[in-house]
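> Quick one, what's the 3D model for this:
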Amino acid sequence: MILAGFAINVTTEGDFTQYTWWAAAVLSLIVIVSAVLKYLFFRYQLLDDAVQVKQGILFKKRLNLKFSRIQNVNIRHPFYFRPLGLVTLKIDGAGSKGEEVSLSALTQATANSIRQTIRIKKEGIDAVQNHQTAELKNQTGVDAENEEAFYRRTLTDLVIHGLTNNRAWFVLAGLFAALQYTSISFGDLVRFMQVVVSYYISNQNVAFTVVLFTVSVVLAVFLTAFLSVVGSILTYYGFTLFRSDKSMMVHRGLINKQEFNMQKSRVQSIYIRQDWLDLVLGRANVIYEQISHSPNDPNQADSGKRIVVPSARSHEITKLVAEIFPISDVAELSYTPISKRYFYKYSIIWSVIYLIIAVVIITQSENQRLSLIVAIIWPYHVFLIYMIWKRAGITLIDDIVIIRRGIIGVDYIIFPAYKIQAVDYVQSLLMKRHELSNLIFHTASRTARINYLPSQFVRKIIDFCVYRAESSSRSWM
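Residues are numbered from 1 along each chain as shown. Down below sits the predicted model:
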């Protein structure tokens with residue numbers, strides 16, 4: 001920022017080319033010196049029980065990440081490292097965001113060796129057997145410990161995923177970031193569009209304006225869909241899911257290739273998300289979720305704490321879920337529905353609100369068309385409330401809790417009872433009168449809520465879940 005301001009000021013008084021070269025030289029020198037200092041003051045080593053990192057120039061920082069707290073060891077292939085054959089190794093801890101280690105500019109063999117060493121330490125596998133596995137993995141660049149590729153996504157699947165899930169933000173975010181390095185600001189683009197629109201609609205009749213608006217909306221929809229498809233391909237190109245007895249790994253990415261590794265035992269929940277267009281096409285996204293301390297974003301792509309399988313078909317969903325939890329097709333299970341009083345309550349409340357709005361418009365506004373708009377929106381909103389009630393339900397299959405919800409599409413949240421961190425039982429005075437309760441599950445990956453269940457049924461679920469969490473000898477991590 002300081003250099004940019006200096007360059008702008010001096011170029012108004014002197015030779016533009018001369019000061020531009022000086023600013024570029026100073027900036028390049030700062031970047032090079034900063035990179036060299038970071039390299040000289042960065043050290044890492046693998047201890048017997050932890051990964052130790054020392055870094056910092058003026059303020060020293062030391063991080064000891066125990067092997068027992070390591071959640072994932074992922075390898076990324078940034079586009080600027082790929083010509084050099086280098087990668088970035090990211091080690092995620094199960095604690096806060098501060099428990100993360102990022103080792104840049106490693107060779108593929110070194111990154112694979114570190115990941116294999118950590119796996120050996122964590123799982124206690126025979127050293128000789130895993131040394132042979134490590135050598136094989138170093139040669140192939142793939143985690144070869146009994147892993148097989150069992151699920152792939154084609155380019156057609158990625159196009160469908162881009163159309164059914166808005167990925168345009170991914171491309172727009174990249175373009176917006178690129179604008180920060182130019183003299184063009186977002187405000188400049190807005191003002192330019194205002195000038196263009198004003199030019200085309202000035203001195204034009206109503207018919208031309210309506211046609212222009214319609215064409216603009218259609219083009220905006222097509223542009224959004226196109227950007228969404230581009231974002232989907234950039235993110236998930238070459239999507240391949242590998243599996244072994246204890247872990248899963250994903251290879252994906254077009255420009256920046258990435259490898260995500262996930263231990264099956266650390267999967268806290270599976271979220272099956274389906275939008276309305278996914279429902280029409282018979283698709284859904286399957287999301288494997290691990291320990292996370294950040295809010296759940298349904299549009300978030302794979303990260304160190306979750307793996308997204310895009311646009312899976314109905315029969316594929318059963319296979320993907322069964323890889324972690326031993327249950328059958330979740331869509332065919334019998335669910336306990338929530339009470340009809342949920343629909344009665346919210347439909348009446350919103351009907352009264354719309355009635356009040358309509359009365360105010362009729363008595364206070366000269367534009368009576370607004371009341372017609374309210375009359376159109378009201379039944380649509382009530383229909384959505386009905387669909388929320390119709391979709392909601394819960395079931396227990398052996399040790400697995402499954403919550404069903406949604407509006408048009410159907411979502412499922414699946415998690416084992418023994419991995420529940422806490423269960424909340426919420427009941428208002430009116431709900432108590434009708435023996436209804438809200439049930440809230442807290443896991444290490446998300447919070448799942450289902451409302452208006454019979455209180456007696458809720459108490460049975462709580463007793464079962466608490467018993468399983470206390471009596472099970474299996475580790476929730």
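
> any weak-confidence spans in this protein?
1-19, 95-99, 123-146, 167-213, 293-304, 366-368, 476-477 (pLDDT under 70).

> quick one, domains of it?
Domain ranges of the chain: 2-40, 43-153+238-252, 156-236, 276-338+392-471, 341-388, per automatic domain parsing.

> for the ones you listed, which one sits closest to residue 268?
domain 276-338+392-471 (3.7 Å; Cβ to Cβ). Any C-beta I mention is one placed from the backbone N, CA and C, and that applies to glycine too.

> Residue 473 belongs to a helix, doesn't it?
No: applying DSSP: H, G, I helix; E, B strand; the rest coil, one finds residue 473 to be coil, outside a helix.

> Now residue 342. Nearest residue, chain neighbours left out?
Nearest non-adjacent residue to residue 342, counting by Cβ to Cβ, 6 or more residues apart in numbering: residue 452, 4.2 Å away.

> The one you found: which element?
strand 447-454 (DSSP states H and E).

> Residues contacting that strand, please?
With contact meaning Cβ atoms under 8 Å, 6 or more residues apart in numbering, strand 447-454 is reached by 269, 336, 338-339, 341-342, 392-394, 403, 405, 413, 415, 431, 435-441.

> chain center to it, what's the gap?
23 Å (Cα atoms, centre = their mean, to the nearest Å).

> got the buried residues for it?
Within strand 447-454, the residues scored as buried using 16 or more other Cβ atoms under 10 Å are 448, 450-453.

> Mind giving me the packing neighbours of whichever helix or strand residue 461 is part of?
Element membership for residue 461 (DSSP H and E) is helix 455-471. Applying 3 or more Cβ pairs under 8 Å, 6 or more residues apart in numbering; DSSP states H and E, one finds that helix 455-471 contacts strand 393-397, strand 422-426, strand 436-442.

> what inclination does the first one have with respect to strand 436-442?
The one in question is strand 393-397. Per axes from the mean of the first three to the mean of the last three Cα atoms, to 10 degrees, the angle that strand 393-397 makes with strand 436-442 is 60 degrees.

> Residue 267: neighbour count?
23 (other Cβ atoms under 10 Å).

> And the host helix or strand of residue 156, what's buried?
Using DSSP H and E, residue 156 maps to helix 155-164. Residues 157-164 are the ones in helix 155-164 that count as buried (16+ other Cβ under 10 Å).

> re the thing from before, report the two of the buried residues of strand 447-454 separated the most.
Checking those with Cβ to Cβ, the most distant pair is 448 and 452, at 14.9 Å.

> re earlier: nearest to residue 260 among the domains of the chain would be which one?
Among these, domain 43-153+238-252 sits nearest to residue 260 (Cβ to Cβ), with 4.5 Å.

> Can you get me the start-to-end distance on that closest one?
End-to-end distance for domain 43-153+238-252, by Cα to Cα, to the nearest Å: 29 Å.

> And the helices in the protein?
Taking DSSP state H to define them, one finds helices in the chain at 2-11, 16-40, 108-123, 127-140, 155-164, 168-179, 186-201, 206-236, 276-281, 314-322, 341-364, 369-391, 429-433, 455-471.

> what would the ones you listed look like in CSV with distance to residue 48?
Formatted as CSV, the helices of the chain follow (distance: least, Cβ to Cβ, whole Å):
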stretch, distance to residue 48
helix 2-11, 46
helix 16-40, 26
helix 108-123, 8
helix 127-140, 13
helix 155-164, 43
helix 168-179, 41
helix 186-201, 52
helix 206-236, 38
helix 276-281, 48
helix 314-322, 37
helix 341-364, 56
helix 369-391, 51
helix 429-433, 55
helix 455-471, 32
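
> if I look at residue 232, how far off is residue 284?
15 Å (Cβ to Cβ, to the nearest Å).

> wait, residue 54
45 Å.

> More neighbours: which of those two?
residue 284 (28 against 14).
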